[in-house]
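Colleague: I'd like to go over a predicted model; first the sequence, then the structure.
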Amino acid sequence: MDSQKEALQRIISTLANKNDEIQNFIDTLNQTLKGVQENSSNVLSELDEEFDSLYSILDEVKESMINSIKQEQARKSQELQSQLSQCNNALENSEELLEFATRSLDIKEPEEFSKAARQIKDRVTMASAFRLSLKPKVSDNMTHLMVDFSQERQMLRTLKFLPGLKFDSKYMNFRVRACNKAVAGEYSDPVTLETKALNFSLDNSSSHLNLRVEDACVEWDPTGGKGQENKMKGKENKGSVHVTSLKKHTRSGTPSPKRTSIGSRPPAVRGSRDRFTGESYTVLGDTAIESGQHYWEVKAQKDCKSYSVGVAYKTLGKFDQLGKTNSSWCIHVNNWLQNTFAAKHNNKVKALDVTVPERIGVFCDFDGGQLSFYDASSKQLLYSFKTKFTQPVLPGFMVWCGGLSLNTGMQVPSAVRTLQKTENGMTGSASSLNNVTQ
């Protein structure tokens, strides 16, 4: 009886605590809902103010252009009015002279006639009618003040007004104004646009059949290859590989644009190389790097047993594993049986005495021949290869028993640029791997 009573009291206490917890959560929800309503009203109000400021600028530009048009109208009108007045005076004098000359024809006295004729000749010589230019000083054409804002309208439609700036991205501020040969308006308020960087997807046409690949995600699938290999045998020209769609994790959240090579030469055509097979659980990026400095980040699933991140030449063989050839460079993480973290190139291994970060940043300086890996959060340098790339490289990834997600389209972080200047290839290089075998 007593034990049941104690148990019931514990239940009552638990229920009371749970009720208090739920009530507190309800209060939090109500407060959050109120905050959403208030903040939305504030944002809408600020939006109206921002657009009103844009309208004000446009009104100022319009007013300035109206004044310019009116000034041009007044100038031309004044010129034409002056010319018109001169012509009227000349015509009046000419008509008077014509009338005098006509009357002179009726004079019978020779001396008086001769005198009148000389007067008429002198007056004709001095008459303004014969000195006037009978061509308007100005035309009625006003097309030089006409405007065409079709390009500006198109530009405004394509502008991306950012709701907020993102860390490790670069932005460009600019102003616009309407102008032509006759007049220029006032500048608009500055507009901020994000500049783009290397944006690539994973090439599922050549990835290992045991990998499920989407644009920015790859996951190991132990059953994927068996079914596909059976389908492919004897049906190489008819079979197709089924790829399970995974959620994309690109930073921008927008569909990737058409893939192009970073440089002057065209990228490799998808499907133009053999599919990775055997124990090479590899997938490459679909955009070749031929010049410049580029940066991307990789995040592994928490339970991922083994994965590699790096770059490779397009010539990487279908049986080759990242870091085990002279055409690939990578860092490798192994969480199976024993935990290891190492840099690999040309089948040489350099153990790394650092903690494996949650996200790995990859910096590739193609022209400078440098491939560096960073803790994406702290920007701590993990390892750096110094080499000379003799052909275009592709981002490369290996994964076994787990998955990877990518962030591409990123600018090189300022902290990485600073570290590159100070490090200058002195911390860890490919040469340090030459004497260490796997």
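Modeller: That came through fine.
Colleague: how many neighbours does the closest residue to Ala178 other than its chain neighbours have?
Modeller: Sequence neighbours aside, Gly185 is the residue nearest to Ala178 in space, at 4.5 Å (criterion: Cβ to Cβ, 6 or more residues apart in numbering). All C-beta spots, glycine's among them, are computed from the backbone N, C-alpha and C. Using other Cβ atoms under 10 Å, Gly185 is surrounded by 20 other residues.
Colleague: And Gly185, how far from Arg175?
Modeller: 11 Å (Cβ to Cβ, to the nearest Å).
Colleague: overlap in contacts of the two?
Modeller: Here Gly185 and Arg175 have no joint contacts, going by Cβ atoms under 8 Å, 6 or more residues apart in numbering.
Colleague: wait, isn't Lys388 in contact with Gly369?
Modeller: Yes - with contact defined as Cβ atoms under 8 Å, Lys388 reaches Gly369; the gap is 4.5 Å.
Colleague: what about the two, which has more around it?
Modeller: Gly369 (15 against 9).
Colleague: need the contact list for the more buried one.
Modeller: Going by Cβ under 8 Å, 6+ apart, the list of residues near Gly369 reads 386-389.
Colleague: And for Phe373?
Modeller: Here Phe373 is in contact with 309, 331, 343, 360-363, 381-384 (Cβ under 8 Å, 6+ apart).
Colleague: And the helices in the stretch 301-438 of the chain, which stretches?
Modeller: In the stretch 301-438 of the chain, the helices defined using DSSP state H, counting those that start in this stretch lie at 414-423.
Colleague: How are the strands of it distributed by residue range?
Modeller: 306-313, 328-334, 340-345, 348-351, 359-365, 370-375, 381-386, 393-400, 403-410 (DSSP state E, counting those that start in this stretch).
Colleague: Just put those in TSV and tack on mean pLDDT.
Modeller: TSV is the format used below for those (pLDDT from 0 to 100):
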stretch	mean pLDDT
strand 306-313	97
strand 328-334	96
strand 340-345	96
strand 348-351	95
strand 359-365	96
strand 370-375	96
strand 381-386	95
strand 393-400	96
strand 403-410	92
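Colleague: wait, which of these is closest to Met126?
Modeller: Smallest distance to Met126 across the strands of the stretch 301-438 of the chain (Cβ to Cβ): 82.4 Å, for strand 403-410.
Colleague: Pairing partners for that closest one, with directions?
Modeller: Paired strands of strand 403-410, with direction, are strand 217-220 (antiparallel), strand 293-300 (antiparallel) (DSSP bridges).
Colleague: closest to Lys70 out of those strands?
Modeller: strand 293-300 (53.9 Å).
Colleague: Give me the angle between the closest one and helix 414-423.
Modeller: Interaxial angle, strand 293-300 versus helix 414-423 (axes from the mean of the first three to the mean of the last three Cα atoms, to 10 degrees): 110 degrees.
Colleague: hmm, who's touching strand 293-300?
Modeller: 197-198, 200, 249, 262, 307, 309, 333, 358-368, 376, 395, 397, 399, 402-408, 410-413, 416.
Colleague: Name only those of those residues that count as buried.
Modeller: Neighbour-count burial (16 or more other Cβ atoms under 10 Å) applied to the contacts of strand 293-300 gives 197-198, 200, 249, 262, 307, 309, 333, 360-366, 368, 376, 395, 397, 399, 402-408, 410-413, 416.
Colleague: first to last residue in stretch 359-379, what's the distance?
Modeller: With Cα to Cα, to the nearest Å as the measure, stretch 359-379 spans 10 Å from end to end.
Colleague: same deal with stretch 315-325?
Modeller: Taking Cα to Cα, stretch 315-325 runs 11 Å from one end to the other.
Colleague: one step back: go through the strands paired with strand 403-410 and name the closest to Asn24.
Modeller: The closest of the strands paired with strand 403-410 to Asn24 is strand 293-300. By Cβ to Cβ, the value is 34.2 Å.
Colleague: isn't Val309 right up against Phe363?
Modeller: No - shown here, Val309 and Phe363 do not form a contact pair, counting by Cβ under 8 Å, at 11.8 Å.
Colleague: thinking again about what came up before, please produce TSV containing the strands of the stretch 301-438 of the chain, extended by distance to Glu290.
Modeller: Converted to TSV, those look like this (distance: least, Cβ to Cβ, whole Å):
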stretch	distance to Glu290
strand 306-313	12
strand 328-334	16
strand 340-345	20
strand 348-351	26
strand 359-365	11
strand 370-375	15
strand 381-386	18
strand 393-400	8
strand 403-410	17
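Colleague: Quick check: which of those is nearest to Asp48?
Modeller: strand 403-410 (32.5 Å).
Colleague: give me the number of residues near Lys5?
Modeller: Neighbours of Lys5 (other Cβ under 10 Å): 9.
Colleague: With respect to Leu209, which of the strands of the stretch 301-438 of the chain lies nearest?
Modeller: strand 393-400 (13.4 Å).
Colleague: got the angle between that closest one and strand 370-375?
Modeller: Here the directions of strand 393-400 and strand 370-375 differ by 40 degrees (the same axes, to 10 degrees).
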